[in-house]
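[1] Quick check, what structure comes out for this input:
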Amino acid sequence: ASCALIAWIAFHFGTGFGLVIATFVLGFIDNTKPANEALQPVYRLFPAFCLGDSFYKMASRQAFSSIVGARGQQKSLYSLDLLGAPLLSLFCEGVFFGAITLLLQYNEASSVAQVFLRRCRRALGMGDLTPLGDASHSTPRAVSGVRQSLPISSLEDESVLAERAAIDAGDTNEKLVLHHLRKVYSGRGGKVAVSDVSLRIREGECFGFLGTNGAGKSTTFNMLTGAVKPSSGDATLDGMSIRREQGSIRSRVGYCPQNDALESLMTGRETLRMYARIKAIPSSVIEEEVEGLLQLLDLAKFADKPAGTYSGGNKRKLCVGVALVGSPSLVLLDEPSSGMDAASKRFLWAAIKRRTSSSCTVLTTHSMEECEALCGRIGVMVDGSLRCVGPIQTLKSKYGQGYKLDLRLDPARPISPDEVLEVLSLRFAGARIEEIEPPNLTLTVPQDGLALSSLFGHLVELRATLPVQEASVTQCTLEQIFLMMAAKAALRSSVSN
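    Here you go, the predicted model:
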């Protein structure tokens, strides 16, 4: 961004100051006067030249007037030979470039603009990154010339299939409903960023997306916020479509991006006040809303300091505060506590819970601890599609590979890990060693038909025969479920290739 700004400043300096000096010099040389006059319309295509030329002509007219007197002025200041032509050029260029800016800003909302920009990119050899697929279709369809992904139904959990079937059957009364949402980018081979995601999220629920980098989480967020238009499918918030009613939806959405999107020179109070006005909160309650968020996020003592001076943790708090302004119907949080210490994370999680009790919250994170602290349900996303959906405990029980058994052996009574495994296998069929780090030993015990009370009872008995100083039992973690889903996708990809 800084390089682009410097290049833009240099361009305007060259087309402004440079061309004004050039036309001044060329105008005094007899041999170059005709060329200079012929090039004037070309010079006026550059706004910086029009501005500089206007100042030059005003100064020249004033100097001429001071020498010959007022009677020497024959033409009006706004004639085409003086300020008329530069000002007219500036006006036309302002209208033209303003229209181009609006066209670029809202190109996703217009199929005509989308086609125009696509052809421009192709003509300039920049490639085509516009979405493929017909927006009028609500289900995925094949796109000519694009490699189609392999069927993924065999990798989808029955909970994902049941969620899609319920939505197809018309059970769409929840606050946020994703209906066959799909995003495809063109290019060589085609890139399916999000594939046929169907999901319902109720009011007051916090849903967590888990997935590796490139799994499609951020693309899903971008489609919900209107930054990216779906290739097919749709999503509704309070019954409003993200395709047709994005303008109404934006005032109901709060978004905390992964990167700190803050103006460094604005204070925290000014930032929250600005977003409150953007969301059309009544002026009479803006200060109360801002003060409440500052107190909630423990930012009151930094409220009047520039956001650029905040620590990383306080910047994340302010970004979350921006997302919570106005108590939006949908709160999108993209790794809200990244880079924060443990105490600040828990404080922020508590603040989010209190503020979003009546909102629909969607969270993406790489922190399993954050997911367990905030989310009632989670979905594991791999290669753009949901692999499983459900409450955390349900997924742990369903996909858990067994109980994790951590043993600390007595160094004074040496025993080999194989001997320990042999003894445990007599009580727990299928037990296997996962990690050996003397004197610690980690094993996995299948949980099928094994009650925790029975497991602890056997451990007490085994301590009498094995040199075990300490023993602990834990359940399968979210991380293990996530890694298992990712491994399945990687295996399938290697087989298909």
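
[2] can you give me the strands for this protein?
    176-185, 191-201, 206-211, 232-237, 240-241, 253-256, 330-334, 360-364, 377-382, 385-391, 403-409, 432-437, 440-445, 468-474 (DSSP state E).

[3] nearest to residue 286, of those strands?
    strand 253-256 (15.6 Å; Cβ to Cβ). The C-beta positions use only the backbone N, C-alpha and C, and glycine is treated the same way.

[4] pLDDT on that closest one, on average?
    Across strand 253-256, the average pLDDT comes to 91.

[5] Check stretch 297-313 too.
    92.

[6] Now do the contacts for the residue lying closest to residue 46 once chain neighbours are set aside.
    Nearest residue to residue 46 in three dimensions, chain neighbours excluded: residue 15, at 3.9 Å (Cβ to Cβ, 6 or more residues apart in numbering). Neighbour list for residue 15: 46, 48, 49 [criterion: Cβ atoms under 8 Å, 6 or more residues apart in numbering].

[7] hang on, the first one packs against residue 16?
    Looking back up the chat, that one is residue 46. Yes. Taking contacts as Cβ atoms under 8 Å, residue 46 lies within contact range of residue 16: 7.3 Å.

[8] And the helices in the stretch 201-350 of the chain?
    Under the criterion DSSP state H, counting those that start in this stretch, helices of the stretch 201-350 of the chain are mapped to 217-225, 246-250, 268-278, 283-296, 312-324, 342-355.

[9] buried residues in the fifth one?
    Going by neighbour count (16 or more other Cβ atoms under 10 Å), the buried part of helix 312-324 is 313, 314, 315, 316, 317, 318, 319, 320, 321, 322, 323, 324.

[10] I'd like these laid out as a markdown table, including distance to residue 300.
    Formatted as a markdown table, those follow (distance: Cβ to Cβ, whole Å):
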| residue | distance to residue 300 |
| --- | --- |
| 313 | 15 |
| 314 | 11 |
| 315 | 16 |
| 316 | 17 |
| 317 | 11 |
| 318 | 12 |
| 319 | 17 |
| 320 | 15 |
| 321 | 11 |
| 322 | 16 |
| 323 | 19 |
| 324 | 15 |
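
[11] for the residues you listed, which one is nearest residue 102?
    residue 322 (24.6 Å).

[12] Pull the number of nearby residues for the residue nearest to the closest one when sequence neighbours are not counted.
    Nearest residue to residue 322, sequence neighbours excluded (Cβ to Cβ, 6+ apart): residue 275, at 5.1 Å. Residue 275: 20 surrounding residues under other Cβ atoms under 10 Å.

[13] gap between residue 275 and residue 332?
    Distance check for residue 275 against residue 332: by Cβ to Cβ, to the nearest Å, it reads 14 Å.

[14] low pLDDT regions in the chain?
    Within the chain, the stretches with pLDDT under 70 are 1, 68-75, 106-155, 187-190, 400-401, 449, 482, 485-497.

[15] Stretch 336-344: how far from the chain's middle?
    The chain centroid and the centroid of stretch 336-344 are separated by 18 Å under Cα atoms, centre = their mean, to the nearest Å.

[16] Straight-line length of it, end to end?
    By Cα to Cα, to the nearest Å, the extent of stretch 336-344 from end to end equals 11 Å.

[17] so residue 50 makes contact with residue 90?
    Yes. Here residue 50 reaches residue 90: they are 4.8 Å apart, a contact under Cβ under 8 Å.

[18] between those two, which one's more packed in?
    residue 50 (25 against 17).

[19] List the contacts of the more buried one.
    With Cβ under 8 Å, 6+ apart, residue 50 has these contacts: 44, 86, 87, 89, 90, 93.

[20] Include distance to residue 62 when you put the residues you listed into TSV, please.
    Shown next, in TSV, are the contacts of residue 50 (distance: Cβ to Cβ, whole Å):
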residue	distance to residue 62
44	22
86	16
87	17
89	22
90	20
93	26
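
[21] Excluding chain neighbours, what is closest to the residue positioned nearest the centre of the chain?
    The chain has residue 218 as the residue nearest its centroid, 4.3 Å off, counting by Cα atoms, centre = their mean. Excluding its sequence neighbours, the residue lying closest to residue 218 (Cβ to Cβ, 6+ apart) is residue 334, at 6.7 Å.

[22] likewise residue 375?
    Residue 375 sits nearest to residue 208 (Cβ to Cβ, 6+ apart), 3.6 Å away.

[23] tell me the contacts of the spatially closest residue to residue 304 that is not a sequence neighbour?
    In this structure, residue 304 finds its nearest non-sequential neighbour in residue 267, 5.1 Å apart by Cβ to Cβ, 6+ apart. Listed by Cβ under 8 Å, 6+ apart, the contact set of residue 267 reads 303, 304, 305, 306, 307.

[24] Nearest residue to the last one in space, please, no chain neighbours.
    Read that as residue 307. That would be residue 262: by Cβ to Cβ, 6+ apart, it lies 4.5 Å from residue 307.

[25] for the first one, same thing?
    Leaving aside its sequence neighbours, residue 303 sits nearest to residue 269 (Cβ to Cβ, 6+ apart; 4.3 Å).

[26] Wait, the one you found touches residue 287, no?
    No. Contact between residue 269 and residue 287 fails when scored by Cβ under 8 Å: they sit 9.2 Å apart.

[27] who has more neighbours, these two?
    residue 269 (20 against 13).

[28] Quick check: the gap between the more buried one and residue 294.
    Taking Cβ to Cβ, one finds residue 269 at 7 Å from residue 294.

[29] so which of the helices of the stretch 201-350 of the chain gets nearest residue 178?
    Going by Cβ to Cβ, the one of those nearest residue 178 is helix 217-225, 7.9 Å.

[30] and the closest one, what does it pack onto?
    strand 176-185, strand 191-201, strand 206-211, strand 232-237, strand 253-256, strand 330-334, strand 360-364 (3 or more Cβ pairs under 8 Å, 6 or more residues apart in numbering; DSSP states H and E).
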